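Colleague: my questions concern the predicted model and sequence given below.
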Amino acid sequence: MDTAGLLPLVVAVPLLGAAVLVAGGRRLPRIVTDALGCAFAAAPAALALLVLARVAGGGAGPYAVEWVGGRHLAGGEGVGIVLVADPLGAGLAALVSVLVVAVLGYSWHYFEEPPRRHGGAFTALILLFQAGMCGFALTGDLFNAFVFFELMGVVAYALTGYRVEESRPVHGALSFGIANSLGGYCMLLGITLLYARTGEPGLAQIGRALDGRAPDGLLLAAFVLVATGLLVKAAAVPFHFWLPDAHAVAPTPVCMLLSGVMVELGVYGVARVYWTVFSGPGGVPHPDLTRALLVIGTLTALLGALMCWRQRHIKRLLAFSTVAHTGLFLTGVAVLSPEGVSGTALYVLGHAGVKASLFGCVGVLLDRYASVDEHELYGRAGELPVTGVLFTVGGLALSGLPPFGTGLGKALAEEAAGQAAGWLPALFVLVSAVTGGAVLRVALRVFAGAGRPPRAAEDGPETTGEAEPETGGRLRRVPVPMLAVPAALLVGALAVGVLPGVAATAERAGRLFTDARGYRAAVLDGRPVAAPAAVAQHWPTTGILLGLLSTALAAALAALAVWRPARTGATALTAPVRRLQSGHIGDYVAWLVVGMALLTALTATGLR
């Protein structure tokens, strides 16, 4: 079979696995359902890696295109379902699938399902989540992108509120569901406007149809609506409020996927839609989009870093760290250059392993002590040295320490961003230092008992850190998978920065991703597209120095916070920002409208 024929299987196999578990899971022992779930997740991971090897190798061309059902459109006109894999899309599908395998391995026989739902329901939902994310990464059709967008959204709501018998998960899932559903409606309305203007649903078809048009108000409205839906999924400011509420209550394995890959899919969607649809003469002018993404990205990075630092609820701390890094990813994409895309892709790849590993370590704390409150756990986790080492290494990697993949991605993305605006590298250093320092501060207090014990009144959390263990009872001994998986994820993040072939593949993927004409020729005309020659990527000297600087700043901030805690005045200065995270769904909806207005204002100058 041609490798393009494997693309439908990447989506269909986890769907089949979910159906098998739903139909027969109650009749099978727990170990069998866990094994089946891992097998059905591993198969599409292997298929996605095969496709990635084919399109990244360059021998048979850099695109794999599969018209599902053999319905290839004559001259690119008409309606059909097409899956397209270029190195970046195939790499993202592979990352999703590998991380799902890691999450199911982490959950192996430990995650306690409520008795009335025993029978593989949790694993089946994870497989549905995998199918939706892989389909979104591979689709070449804008309407089907919306379908997969909604599939992974609905499953994510169910996973966030999985313990429906508790009130807090239900509230977090409702915030998640309402905000993301409104984003989905915006996206669907934007797709409707594009279809009304062009009569085409495919990314390549719409892009080609707009090439001969001048930008107008309808196309701008379509872009704003589609981008709003994707930025909600990406948890960009001011669309981000659902994310910390969801992470605070979602099961640990779900947090690993939400922060590791799902949020990044929103950033990928914005970049994909722009380059394939709106990058031509009839789309959004480059300066306007650069300004819009830079403003939103900078606000997201700074607010996320500030809120990350002010948390003591560790899961919320990591959630706001994800918000901050989303801002950096958007800033890398905002440069609108192949170098910015490839650097951001590496950053996302390294960040996925590091963030999932950190959440895995927090899961150990939750199941051992029934709390994820930094102050309540002060000095109590010294008996978990392996978990402490993994958590500390994760904090260093998050701060951009070479040679981790986060450090390499940060170095290349900030180098590309620096060519657009000289102050952007400072933003990368600051945000990496603050988020990494917050994690290191937790490591010092919780695992080393450093500094004086925090007072109960200091910096109270938005939600209590007390929670029910996910193991049915407190752990006496940490299961091997709960330590092996975070360790393996950190090794993978290290490999991204060490193995030269990864960076070279990302560099070529960035150039292909920004080649809209080549994408359309491969999808619509079936013409072979020459793969660009691989260019070896090296660690830039400036990037190494800035990575060491951000790591040193992170360590200094953590030490300062532990041994010289912030005074009341500093807390009062951040109180207004913290009050924005109100927990009221109506407030979040209002901020979504504000975000749409901001995005419209930032992209509308091309029509003046």
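Modeller: Arrived safely, thanks for sending.
Colleague: low-confidence ranges in the stretch 1-150 of the chain?
Modeller: Low-confidence segments of the stretch 1-150 of the chain, defined by pLDDT under 70, are located at 1, 58-60, 69-79, 109-119.
Colleague: where do the helices sit along it?
Modeller: 7-24, 30-57, 87-106, 121-138, 142-160 (DSSP state H, counting those that start in this stretch).
Colleague: residue 427 is nearest to which of those?
Modeller: Within the helices of the stretch 1-150 of the chain, the stretch nearest residue 427 is helix 87-106; the backing value is 23.8 Å (C-beta to C-beta). (Glycine included, C-beta is placed from N, CA and C.)
Colleague: can I get the CA coordinates of that closest one in CSV?
Modeller: The C-alpha trace of helix 87-106 is given here as CSV (Å, rounded to 0.1, in the frame of the first residue of the first chain):
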residue,chain,number,x,y,z
PRO,A,87,6.3,16.7,7.5
LEU,A,88,4.7,19.1,10.0
GLY,A,89,1.2,17.7,9.9
ALA,A,90,2.5,14.1,9.9
GLY,A,91,4.9,15.0,12.7
LEU,A,92,2.1,16.4,14.8
ALA,A,93,-0.1,13.4,14.3
ALA,A,94,2.9,11.2,15.3
LEU,A,95,3.4,13.3,18.4
VAL,A,96,-0.2,13.1,19.4
SER,A,97,-0.2,9.3,19.0
VAL,A,98,3.1,8.8,20.8
LEU,A,99,1.9,10.9,23.7
VAL,A,100,-1.4,9.0,23.9
VAL,A,101,0.5,5.8,24.2
ALA,A,102,2.6,7.4,27.0
VAL,A,103,-0.5,8.5,28.8
LEU,A,104,-2.2,5.1,28.6
GLY,A,105,1.1,3.6,29.8
TYR,A,106,1.1,6.0,32.7
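Colleague: could you say what helices and strands that helix packs with?
Modeller: Counting contacts by 3 or more C-beta pairs under 8 Å, 6 or more residues apart in numbering; DSSP states H and E, helix 87-106 packs against helix 7-24, helix 30-57, helix 121-138, helix 252-257, helix 263-273, helix 338-369, helix 480-498, helix 500-513.
Colleague: now the ones you listed in JSON lines, with mean neighbour count and distance to residue 283?
Modeller: Output for these, formatted as JSON lines (neighbours: other C-beta atoms under 10 Å; distance: least, C-beta to C-beta, whole Å):
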{"stretch": "helix 7-24", "mean neighbour count": "21", "distance to residue 283": "27"}
{"stretch": "helix 30-57", "mean neighbour count": "21", "distance to residue 283": "25"}
{"stretch": "helix 121-138", "mean neighbour count": "27", "distance to residue 283": "21"}
{"stretch": "helix 252-257", "mean neighbour count": "28", "distance to residue 283": "32"}
{"stretch": "helix 263-273", "mean neighbour count": "25", "distance to residue 283": "10"}
{"stretch": "helix 338-369", "mean neighbour count": "28", "distance to residue 283": "17"}
{"stretch": "helix 480-498", "mean neighbour count": "20", "distance to residue 283": "32"}
{"stretch": "helix 500-513", "mean neighbour count": "22", "distance to residue 283": "16"}
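Colleague: in JSON lines: these, plus distance to residue 602.
Modeller: Listed next are the helices and strands packed on helix 87-106 as JSON lines, based on distance: least, C-beta to C-beta, whole Å:
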{"stretch": "helix 7-24", "distance to residue 602": "35"}
{"stretch": "helix 30-57", "distance to residue 602": "34"}
{"stretch": "helix 121-138", "distance to residue 602": "25"}
{"stretch": "helix 252-257", "distance to residue 602": "31"}
{"stretch": "helix 263-273", "distance to residue 602": "13"}
{"stretch": "helix 338-369", "distance to residue 602": "18"}
{"stretch": "helix 480-498", "distance to residue 602": "32"}
{"stretch": "helix 500-513", "distance to residue 602": "23"}
